[in-house]
Structures are given as C-alpha cells and as structure tokens.
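Undergrad: model this:
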Amino acid sequence: MAQEKQNQGQTAPEMTEKEYGELVAVRREKLKTLREAGQDPFTLTKYPQDSFSAQIKQEFADLEPEAETGRVVCLAGRIMAKRVMGKASFAGLRDAQGDIQLYLRRDVLGDEAYAAFKKMDIGDIVGVKGEVFRTKMGEISVRCSEITLLAKSLLPLPEKFHGLKDVETRYRQRYVDLIVNPEVRQTFVKRSMILRELRSFLDGKGFLEVETPILTPFEIGASARPFLTHHNTLNMDMVLRIETELYLKRLIVGGMDRVYEVGRIFRNEGMDPKHNPEFTTIELYQAYTDYHGMMDLVEEMMKTVAAKVCGGLKIPYQGKEIDLSHWERLTMVEAVKKYSGVDFDQVASDEEAVALAKEHKVELPEVPTKGAILAEFFDAFVEGNLIQPTFIYDYPVEISPLAKRKPGNPGFTERFEYFINGTEFGNAFSELNDPIDQKERFERQVAERKVLEPSSRAQVDYDYVTALEYGLAPTGGLGFGVDRLVMLLTDSASIRDVLLFPTMKPLDN
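TA: The predicted structure follows:
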C-alpha cells in the first residue's frame, strides 16, 4: 500500500498519519536490507562528480534529436522523478545547477544494478556515470552505465507538482524548500551575487572591509532594544550589537579613511514582513566627504549593482516597476509640505507643532518637540507615497543624535534616508565630529530613555567621545539593510523569503 502510493508520487502532507508512517517504515526497511547486504550508502565518503546539469545542457544546446555525443560524464544529485517501464526507465536528477533527465536500461546497467535502481526512492542522492545524448523527444539526457546510491532519503519529499507551499513549513524546513522549489534556491544564489557586487563596488572605491565586535560591553542610549547576554569568565553582562557605527568611526579617527563592514545586527523588537530580529547591514564611512557625497555614492552603487545582477535599471517589484535610473531629492520639510500641505518652515514653536498634529490627527511623539512632530508628519503623510527612489534629507536634530547640525540652521542635521516602494532602505549622515556636542546629545538621549523606561540599562559611550576628542575628520557615513535590497532585486514580498533561516516561533511540540 505505502509502496504503491509512493510510486504514484502522493505528497506526504496529503496522506493520513498512518499512511505516512507506513511510507517511512518502507524506506527504513530498504535501508536495513541494504545494510544487511553490506551496501550501507551512508559509509560512502565521496563521488567523482565532474559535470553539472546546466553546464551539459549549455554545451550541447545545438545537439540534434537522437544524436549521440560520445561524451561520458559523472553527475551527482537527488532523484526528483522516476518512471519505471520494464526494461528501461527514466529518472530526473537535480544537482546544484538544475535538473537533467537520466535514461536507464537493464541491458546497459546489468540486472543487479537495474534492480537496485528500481528500489530507489524519490529524494535519494545518487551518483551516475553515462553518455550524454538527445532523445527522440528532444531532451538532453544521460544514458547511465553506472548508478550509485550515495545517501538514502528516509523521509518522503512533497509531491512533485504541488511542491512545498505552506509558508510556515517552508521557513522552518528551508532544506526541504530548497530541494523542491528551485526558484527559492535562485533567490539565494542572487543574494550571494548582490553581496559580491556590493563588495566589489566598495572595494573599487578604495574602501577597506573590516570586522568589529558583535558582543559589546553595554547598552547604548539608542531606541533600538538589544539582546542581553552574560560573559561568565569576566562575570559581566553584555549585549549583541544593534549597529556597527561607533566602532567603525573609531577607525576613521585612527586614520583608516574608508572602511565598511558587512555585519549581522540584532534587535530585540517586533517581527513583520520587513523586520527580523537578526539581519544584515552594510555600514560604510568615508573621511573628507559629507552626506551629499553619500547620496552620490548610493545612487551610483544601486545602479551598478542592479545592472550587474538584474541586467537593467527597471526592476519589477510586487506588480510595480521601480526605475533606479532616476532619484528624486527632497528635504523632509519639502516632502511634508508636498504630501500634507503643512509647511514646517512656518511653524514657530513646539506648541504650534502640537496643535498642528492634533488638527491633522498625527500621533504625538513621546517628547513632542517641533522636530519630532515633523518626523511624525513624515511617517503619516509621506513615506508610503515614495514608490520611486527618493532621497529625503535634512532631518530634525531630535531624531538624529549622530549627525552634524546644518550650518545656519541648527534645528536640522545633515542626514538623509532613501526610500523605495514606500520603505526606508538606508540612512546616512555628515557625521557629527564635535565631541562636546556629541557628549551632550548622548547624555540627553540616555536621560530621555530612562525617563520613559526607568529600568533601562542604557549608558553613554564615553570611550567614543574620547575618540572624537582626538579628532574625527569631516566624514560621510551610510548604513543600509542588505535584506531589503535583496527583497527588491529578487521581487520578494517578505524578509523571510530572503533569509535562509528566519527567526521562527517554536512549535508547541
């Protein structure tokens, strides 16, 4: 019963628990039989793989139907389909590059090897040797002269035509997702390409890739909540970093004028399609430039990476077309005026800003200053409208503790964020290098945090202030999320689609 259903390709999720158990039992019995015959597949250590499916198909793309090549190859991969027809059979092999058809004849393999193949299951990992040819139906195939079972699959894969569709299961069992959904594998191949091109771009601009600590000695005053841990030997509490910024800018102080880090960041906060508790960022810092220089760098970098990875600058994303060839630039005040009609250049006081917020039903921030309320107006009226690439710059000082104040307008800072499809993709500053101003902002930030959260263990990073006292050159800095960029360039709706192993709530059992 179980064997019959397996040959029909019934998917495990469609079976009853009893039927699934029977199927697993059949596979384990097959393994037991192999071991008793001295043919345990798990004892094999290597296979002389010398070719891959896509490589073969490309090499012989012009081969005529029923033509022979004389080319003998050794392939290795997983059986994904199987059709037994008496003295001859077909199978589908999936390797790291794709799928290829296998043709197996009893008179070529021999009776014993052919009988062994017939007992193999979908999901088994095999090595095959044979000649490349094209079938009468036009399919590039391998006529197998040898087939070796390299690893036995003891659990059935989801059925071929329906695949693994349940999103929750796909994220929890990414290994199965990668096996049965080739497009998922391509997403992560593309992610690797994106990272490679980002590094190549920055290396070509003279930036040096560095590494900074993930474990840090205390919680800083920023609003992001960290994960806490404890170092036993030092008997001290530590936190997982929420940014790489302060260490990287220490390196600029030290004379390393262009640095960047591809870093894992950890924030103990909510989860949604755009947020995961651990994620990847790139932060970079360049001495002797400012936030305008960072804008130019972002635009060039995004165009370069998109062109190399996607082949062009018009990117399809969730039913929209994103044109990376054109970037709008607006100040935050200009953007708020454009989309809400409120001109904050004409707002004279915090009290007037509070009244405007109430009038326009905008949520008041925890500390309701004019600058903080401007940021709330931006969130309420502007961000969702920024579908095409847009730089928003000149942010209020209240929400920009690490950015340099604008000369002649100290209520604002030389900071920008860039947005695509209504989502923030990156954040950049002309870095604050005045140690006195920085110390005051840090202390105010920590004090405000402790008023709102009395149990907070946030501290001022006075060592960073000391570094600034030695002198930080005028510097432009940028941080951006790699995962959101991968989402854009792979047309993925959720951050979980571009993380191999996203954070998941444990199952009850």
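
Undergrad: List the contacts of Glu131.
TA: Listed by C-beta atoms under 8 Å, 6 or more residues apart in numbering, the contact set of Glu131 reads Glu68, Thr69, Gly70, Arg71, Val72, Val73, Val142, Arg143, Ser145. Every residue, glycine included, has its C-beta placed from N, CA and C.

Undergrad: Swap in 7 Å and give it another go.
TA: Taking C-beta atoms under 7 Å, 6 or more residues apart in numbering, we find Glu131 in contact with Glu68, Thr69, Gly70, Arg71, Val72, Val142, Arg143.

Undergrad: Including pLDDT, could the residues you listed go into a markdown table?
TA: Listed next are the contacts of Glu131 as a markdown table, based on pLDDT from 0 to 100:
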| residue | pLDDT |
| --- | --- |
| Glu68 | 95 |
| Thr69 | 96 |
| Gly70 | 94 |
| Arg71 | 96 |
| Val72 | 97 |
| Val142 | 98 |
| Arg143 | 97 |
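
Undergrad: Report the two of those residues separated the most.
TA: Largest separation among those by C-beta to C-beta: Gly70 and Val142, giving 12.9 Å.

Undergrad: Can you classify Leu195 by secondary structure?
TA: Counting by DSSP: H, G, I helix; E, B strand; the rest coil, the backbone at Leu195 sits in helix.

Undergrad: if I look at it, how far off is Met256?
TA: From Leu195 over to Met256 the distance is 22 Å, taken as C-beta to C-beta, to the nearest Å.

Undergrad: same thing with Glu112?
TA: Taking C-beta to C-beta, one finds Glu112 at 65 Å from Met256.

Undergrad: out of the two, which sits in the busier spot?
TA: Neighbour comparison, Glu112 and Met256: the larger count goes to Met256, with 15 against 9 (by other C-beta atoms under 10 Å).

Undergrad: Quick check: pLDDT value at that one.
TA: Per-residue confidence at Met256 stands at 98 (pLDDT).

Undergrad: ok, it - contacts?
TA: Contact analysis of Met256 by C-beta under 7 Å, 6+ apart lists Leu208.

Undergrad: element containing it, please.
TA: Counting by DSSP states H and E, no helix or strand carries Met256.

Undergrad: picking that back up, closest to Ala372 out of the contacts of Glu131?
TA: Checking those one by one against Ala372 (C-beta to C-beta), the nearest turns out to be Val142, at 66.0 Å.

Undergrad: any low-confidence regions in the stretch 101-250 of the chain?
TA: Along the stretch 101-250 of the chain, segments meeting pLDDT under 70 span 159-165.

Undergrad: hmm, 80 instead?
TA: By pLDDT under 80, the weakly predicted segments of the stretch 101-250 of the chain are 159-166, 221-223.

Undergrad: what about the residue nearest to Asp290 when sequence neighbours are not counted, which SS state?
TA: Leaving aside its chain neighbours, Asp290 sits nearest to Ser430 (4.1 Å; criterion: C-beta to C-beta, 6 or more residues apart in numbering). Following three-state DSSP, Ser430 is assigned to strand.

Undergrad: if we look at the sheet, which residues does Ser430 bridge to?
TA: Taking DSSP bridges as the rule, Ser430 bridges to Gly476.

Undergrad: Let me see the confidence value for it.
TA: Reported pLDDT for Ser430: 97.

Undergrad: got the contact list for it?
TA: By C-beta under 7 Å, 6+ apart, the neighbours of Ser430 are Asp290, Tyr291, Ala403, Lys404, Glu414, Gly476.

Undergrad: Need the CA coordinates for stretch 296-311. CSV is fine.
TA: Taking C-alpha atoms only, stretch 296-311 is exported to CSV below (Å, rounded to 0.1, in the frame of the first residue of the first chain):
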residue,chain,number,x,y,z
ASP,A,296,26.0,60.3,-5.0
LEU,A,297,27.6,57.1,-3.8
VAL,A,298,24.3,55.4,-3.0
GLU,A,299,22.9,56.3,-6.4
GLU,A,300,25.9,55.0,-8.3
MET,A,301,26.1,51.9,-6.1
MET,A,302,22.4,51.0,-6.6
LYS,A,303,22.6,51.5,-10.4
THR,A,304,25.8,49.5,-10.6
VAL,A,305,24.6,46.5,-8.6
ALA,A,306,21.1,46.4,-10.2
ALA,A,307,22.6,46.5,-13.7
LYS,A,308,25.0,43.6,-12.9
VAL,A,309,22.6,41.4,-11.0
CYS,A,310,19.3,42.1,-12.9
GLY,A,311,20.6,43.3,-16.2
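
Undergrad: list the buried ones in stretch 166-173?
TA: Residues Arg170, Tyr171, Arg172 are the ones in stretch 166-173 that count as buried (16 or more other C-beta atoms under 10 Å).

Undergrad: Can you get me a residue count around the nearest residue to the first one once chain neighbours are set aside?
TA: It stands for Arg170. Excluding the flanking residues, the one nearest Arg170 by C-beta to C-beta, 6+ apart is Asp177, at 4.3 Å. Asp177 sits with 20 neighbouring residues when counted by other C-beta under 10 Å.

Undergrad: can you check Thr503 too?
TA: Counted with other C-beta under 10 Å, Thr503 comes out at 13.

Undergrad: Same question for Thr187.
TA: Thr187 is flanked by 19 other residues according to other C-beta under 10 Å.

Undergrad: can I assume it is in contact with Asp491?
TA: No - the criterion here is C-beta atoms under 7 Å, and Thr187 misses it with Asp491 at 9.1 Å.

Undergrad: By neighbour count, which of the contacts of Glu131 wins?
TA: Val142 (26 neighbours).

Undergrad: just checking, what packs against the helix or strand in which the residue nearest to Arg170 is found?
TA: Using DSSP H and E, Asp177 falls within helix 174-180. Secondary-structure packing of helix 174-180 (3 or more C-beta pairs under 7 Å, 6 or more residues apart in numbering; DSSP states H and E): helix 182-204.

Undergrad: can you redo the contacts of Ser430 as JSON lines with secondary structure and pLDDT?
TA: Listed next are these as JSON lines, based on DSSP: H, G, I helix; E, B strand; the rest coil; pLDDT from 0 to 100:
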{"residue": "Asp290", "secondary structure": "coil", "pLDDT": "97"}
{"residue": "Tyr291", "secondary structure": "helix", "pLDDT": "97"}
{"residue": "Ala403", "secondary structure": "strand", "pLDDT": "90"}
{"residue": "Lys404", "secondary structure": "coil", "pLDDT": "93"}
{"residue": "Glu414", "secondary structure": "strand", "pLDDT": "97"}
{"residue": "Gly476", "secondary structure": "strand", "pLDDT": "97"}
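
Undergrad: Specify which member of the residues you listed is nearest to Val108.
TA: Scanning the contacts of Ser430 for proximity to Val108, where the rule is C-beta to C-beta, the winner is Gly476, at 66.2 Å.

Undergrad: Quick one: distance of stretch 499-508 to the chain centre.
TA: 15 Å (C-alpha atoms, centre = their mean, to the nearest Å).

Undergrad: cool, stretch 189-209 as well?
TA: The answer for stretch 189-209 is 15 Å, by C-alpha atoms, centre = their mean.

Undergrad: and that stretch, C-alpha only, in PDB?
TA: In PDB, the C-alpha atoms belonging to stretch 189-209 read as follows (Å, rounded to 0.1, in the frame of the first residue of the first chain):
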ATOM      1  CA  VAL A 189      22.100  32.500  -5.400                       C
ATOM      2  CA  LYS A 190      21.100  36.000  -6.400                       C
ATOM      3  CA  ARG A 191      21.500  37.200  -2.800                       C
ATOM      4  CA  SER A 192      25.100  35.900  -2.900                       C
ATOM      5  CA  MET A 193      25.600  37.800  -6.200                       C
ATOM      6  CA  ILE A 194      24.300  41.000  -4.700                       C
ATOM      7  CA  LEU A 195      26.700  40.800  -1.800                       C
ATOM      8  CA  ARG A 196      29.600  40.100  -4.100                       C
ATOM      9  CA  GLU A 197      28.700  43.100  -6.300                       C
ATOM     10  CA  LEU A 198      28.300  45.400  -3.300                       C
ATOM     11  CA  ARG A 199      31.700  44.400  -2.000                       C
ATOM     12  CA  SER A 200      33.200  44.700  -5.500                       C
ATOM     13  CA  PHE A 201      31.800  48.200  -5.800                       C
ATOM     14  CA  LEU A 202      33.100  49.400  -2.500                       C
ATOM     15  CA  ASP A 203      36.500  47.800  -2.900                       C
ATOM     16  CA  GLY A 204      36.700  49.500  -6.200                       C
ATOM     17  CA  LYS A 205      36.100  52.900  -4.500                       C
ATOM     18  CA  GLY A 206      39.000  52.200  -2.100                       C
ATOM     19  CA  PHE A 207      37.100  51.100   0.900                       C
ATOM     20  CA  LEU A 208      38.600  48.500   3.200                       C
ATOM     21  CA  GLU A 209      36.300  45.800   4.600                       C
END
